[in-house]
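Asks: Sharing a model prediction with you, sequence too.
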Amino acid sequence: MASAEIFILSVALGMDLFSVAILIGMNRIKRSVILKASFVFAMFHIVMLLAGYNIGRFLGGFVDRLGVYSGSPVLIMENCASIVGAGVLVGLGILMLKESFGKEDKLKHKKKNPLKGWTLIVLAFSVSIDALAAGFSFGMMEVDLIKLNVILGSVIFAISTIGLSLGKQASKLLGERSEQVGGIVLILLGGNMLWHLIS
């Protein structure tokens with residue numbers, strides 16, 4: 001697989017993350033948090049791709065026998081992760097709205113970091129689940145894993161950093177309304193994901 005093809009695939013895998021990162025960046029997070037979160041997002045994409053790759057390699061010898069349902073475990077995991085991820089987005093949106101309308105200590109409010117602990121881990125897992133399905137496909141072909149993971153990790157890190165930074169800049173332009181806008185859009189995005197999953 002050519003480097004250009006891997007790059008295009010990596011960008012495609014990072015598009016969900018990019019849209020979410022812009023909205024979360026409106027929470028005025030620090031540069032150090034942006035870099036840390038971007039690293040976590042990149043690592044999760046690499047780990048998920050490797051997990052999918054190894055599953056694909058394991059099942060590769062049984063493709064003819066497994067036929068149609070060979071991708072079912074990946075599909076089930078992808079749906080579960082999407083539901084959890086949608087819940088996290090709605091939760092973050094509600095939190096941003098609550099804090100934006102709160103009248104207590106505005107300075108303290110501005111320093112809060114939504115990208116930490118389990119919230120960051122669950123969010124990173126949910127936005128990287130597509131890499132699991134991609135890795136599953138790669139497991140049934142010969143690919144240069146080192147090149148694949150280096151390009152994927154670098155692209156995802158860049159996409160996350162750019163998205164979070166753009167969100168931070170947007171918050172400066174929108175002022176006090178930025179978190180309200182980001183919170184509402186996160187809730188709508190998470191709700192839309194849930195709607196499509198259950199409909």
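Replies: Arrived safely, thanks for sending. All values derive from a computational prediction rather than experimental measurement. Numbers count the residues shown, from 1 in each chain.

Asks: What ranges does this protein have for its helices?
Replies: Counting by DSSP state H, one finds helices in the chain at the ranges 3-13, 15-25, 31-60, 63-66, 72-101, 106-110, 117-127, 129-138, 145-174, 178-198.

Asks: Make TSV out of those helices and add mean neighbour count and mean pLDDT.
Replies: C-beta coordinates here come from the backbone N, C-alpha and C atoms, glycine included. Output for the helices of the chain, formatted as TSV (neighbours: other C-beta atoms under 10 Å; pLDDT from 0 to 100):
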stretch	mean neighbour count	mean pLDDT
helix 3-13	15	86
helix 15-25	22	85
helix 31-60	19	88
helix 63-66	10	49
helix 72-101	17	67
helix 106-110	11	46
helix 117-127	18	85
helix 129-138	22	79
helix 145-174	18	89
helix 178-198	17	74
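
Asks: Just give me the residue right at the centre of this structure.
Replies: The residue lying closest to the centre of the chain (C-alpha atoms, centre = their mean) is residue 127, at 2.5 Å.

Asks: And that residue, how far from residue 19?
Replies: 10 Å (C-beta to C-beta, to the nearest Å).

Asks: re the thing from before, state the distance from the residue nearest to the centre of the chain to residue 32.
Replies: Residue 127 sits 21 Å away from residue 32, going by C-beta to C-beta.

Asks: cool, residue 58 as well?
Replies: In this view, residue 58 and residue 32 are 39 Å apart by C-beta to C-beta.

Asks: just residue 39 next, same as before
Replies: The separation that residue 39 has from residue 32, given C-beta to C-beta, amounts to 11 Å.

Asks: Same check on residue 135?
Replies: To residue 32, residue 135 is 30 Å away according to C-beta to C-beta.

Asks: now residue 11
Replies: 25 Å.

Asks: One more: residue 3?
Replies: In terms of C-beta to C-beta, residue 3 sits 31 Å off from residue 32.

Asks: and if you look at residue 198?
Replies: Noted for residue 198: a distance of 38 Å to residue 32, by C-beta to C-beta.

Asks: about what we covered before: show me what contacts the residue nearest to the centre of the chain?
Replies: 16-17, 20, 41, 44, 85 (C-beta atoms under 8 Å, 6 or more residues apart in numbering).

Asks: The same query, at a cut-off of 6 Å, please.
Replies: 16-17 (C-beta atoms under 6 Å, 6 or more residues apart in numbering).

Asks: Leaving out sequence neighbours, find the closest residue to residue 26.
Replies: Nearest non-adjacent residue to residue 26, counting by C-beta to C-beta, 6 or more residues apart in numbering: residue 182, 3.4 Å away.

Asks: hang on, the one you found packs against residue 23?
Replies: Yes: assessed by C-beta atoms under 6 Å, residue 182 is found in contact with residue 23 at 4.5 Å.

Asks: how about residue 29, phi and psi?
Replies: Here is the backbone geometry of residue 29 (degrees, to the nearest 10): phi -80, psi 160.

Asks: Put the alpha carbons of stretch 5-17 into PDB.
Replies: Provided in PDB are the C-alpha atoms of stretch 5-17 (Å, rounded to 0.1, in the frame of the first residue of the first chain):
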ATOM      1  CA  GLU A   5      -3.000   5.800   0.100                       C
ATOM      2  CA  ILE A   6      -2.200   5.400   3.700                       C
ATOM      3  CA  PHE A   7      -2.300   9.200   4.200                       C
ATOM      4  CA  ILE A   8      -5.700   9.500   2.600                       C
ATOM      5  CA  LEU A   9      -7.000   6.600   4.700                       C
ATOM      6  CA  SER A  10      -5.600   8.300   7.800                       C
ATOM      7  CA  VAL A  11      -7.300  11.600   7.000                       C
ATOM      8  CA  ALA A  12     -10.600   9.800   6.400                       C
ATOM      9  CA  LEU A  13     -10.300   8.000   9.800                       C
ATOM     10  CA  GLY A  14      -9.600  11.300  11.500                       C
ATOM     11  CA  MET A  15     -12.600  13.200  10.200                       C
ATOM     12  CA  ASP A  16     -14.900  12.300  13.000                       C
ATOM     13  CA  LEU A  17     -12.200  13.300  15.500                       C
END
